[in-house]
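Q: Next comes the sequence, and after it the predicted model I'd like to discuss.
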Amino acid sequence: MTANDNPIHYNAARFLISADKLSQCPEDSGAEVAFAGRSNAGKSSAINALTNNGKLARTSKTPGRTQLINFFDLNIEGLRLVDLPGYGYAKVPIAMKEHWQKHLDQYLQQRFSLKGVVLVMDIRHPMKEFDLMMVEWCKATQVPLHILLTKADKLKRGPAQSTLLTLRKELTQILGDKVTLQTFSALKRSGIDTLSQRLDSWLSQGISQIEE
Ligand SMILES: Nc1nc2c(ncn2[C@@H]2O[C@H](COP(=O)(O)OP(=O)(O)OP(=O)(O)O)[C@@H](O)[C@H]2O)c(=O)[nH]1
Ligand SMILES: [Mg+2]
């Protein structure tokens, strides 16, 4: 499929709803892709770069900015992007952490329309505890995983590529060819085509379901 005949237009993304728990999520039909990762990793910025809309998902220098599950509609009915709350921010009160963890877990376990997870990691600090947990979760549930090594602008090309290669080896051992990885920079807008091609392959499952 060439870029011109791709029916999914990420730049048409619109805010749909924020959910505090599973029962507030939109109807579980169609197809969606969730952006997960540690607090401050760059999830919301990656969504904004992908959709070419700097105001779509709220970003912040303060970790813990995204506290709800935020859903964005695409141009085709039933296709959605999901911005998950950041994980692992130490300063968040325990009760709130437990609340997120419970609802994030429920979302990941029970969401039928979830067709893939984009795990966003700061390329300078990859594979922390939460990241490993997500990798294991994807292995157990067989939900496909795409790893975005973001903030690549913070490293020179050589170190960025060697991080990519090392992680590719490590992750392929765990997940086989179910996992894909790339470098990315929201700041420099690099890696957007690779990301959108991966999302197309997941979300297009939702198009055929709707048309059936
Ligand atoms: N240099 C650089 N900075 C980035 C990049 N992506 C995000 N940032 C910065 O990293 C910080 C966190 O970005 P967010 O997109 O808000 O991170 P998040 O993962 O959504 O954070 P939470 O919502 O708190 O979980 C902000 O100051 C961004 O400007 C990038 O590609 N390059
Ligand atoms: Mg965010």
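A: Arrived safely. Numbers count the residues shown, from 1 in each chain. Ligands and ions are numbered 1, 2, ... in the order given.
Q: helix/strand/coil for the closest residue to Gln24 other than its chain neighbours?
A: Closest residue to Gln24 apart from its sequence neighbours, by CB to CB, 6 or more residues apart in numbering: Ile17 at 7.2 Å. C-beta here means a position set from N, CA and C on the backbone, and glycine is covered the same way. Three-state assignment for Ile17 (DSSP: H, G, I helix; E, B strand; the rest coil): strand.
Q: mind listing what Arg124 touches?
A: 151, 154-155 (CB atoms under 8 Å, 6 or more residues apart in numbering).
Q: same deal with Ala152?
A: Ala152 neighbours (CB under 8 Å, 6+ apart): 123, 160, 183-185, 188, 190-191.
Q: Can you convert these into JSON lines and add a column each for pLDDT and neighbour count?
A: Formatted as JSON lines, the contacts of Ala152 follow (pLDDT from 0 to 100; neighbours: other CB atoms under 10 Å):
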{"residue": "Ile123", "pLDDT": "98", "neighbour count": "23"}
{"residue": "Ala160", "pLDDT": "96", "neighbour count": "19"}
{"residue": "Thr183", "pLDDT": "98", "neighbour count": "21"}
{"residue": "Phe184", "pLDDT": "98", "neighbour count": "29"}
{"residue": "Ser185", "pLDDT": "98", "neighbour count": "22"}
{"residue": "Lys188", "pLDDT": "97", "neighbour count": "12"}
{"residue": "Ser190", "pLDDT": "97", "neighbour count": "16"}
{"residue": "Gly191", "pLDDT": "98", "neighbour count": "20"}
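Q: Restricted to helices, list these.
A: Ala160 (DSSP state H).
Q: Pipe the contacts of Ala152 into CSV and attach distance to Lys61 per row.
A: Converted to CSV, the contacts of Ala152 look like this (distance: CB to CB, whole Å):
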residue, distance to Lys61
Ile123, 18
Ala160, 22
Thr183, 22
Phe184, 19
Ser185, 17
Lys188, 18
Ser190, 21
Gly191, 22
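Q: Which ones among the contacts of Ala152 map onto strands?
A: Thr183 (DSSP state E).
Q: Give me the below-cutoff pLDDT ranges for the protein.
A: 1-4, 63-66, 88-93, 96-97, 208-212 (pLDDT under 70).
Q: And the helices in it, which stretches?
A: Under DSSP H, the chain gives helices at 43-51, 94-110, 129-141, 157-175, 192-211.
Q: quick one: which of the ones you listed is nearest ligand 1?
A: Closest of these to ligand 1 is helix 43-51, at 3.3 Å (criterion: CB to the nearest ligand atom).
Q: Now find how far off-centre the closest one is within its chain.
A: 9 Å (CA atoms, centre = their mean, to the nearest Å).
Q: Does ligand 1 have contacts with that helix?
A: Yes - using CB under 6 Å from any ligand atom, helix 43-51 reaches ligand 1 at 43-45.
Q: Show residues contacting that helix.
A: Residues outside helix 43-51 that contact it (CB under 8 Å, 6+ apart): 10-11, 13, 35-37, 54-60, 65-66, 72, 81, 83-84, 86, 118, 120, 148, 150, 184, 186-187, 189, 192, 195-196, 199.
Q: Not counting sequence-adjacent ones, nearest residue to the spatially most central residue of the chain?
A: When CA atoms, centre = their mean is applied to the chain, the residue found nearest the centroid is Phe35 (1.7 Å). Closest residue to Phe35 apart from its sequence neighbours, by CB to CB, 6+ apart: Lys43 at 4.3 Å.
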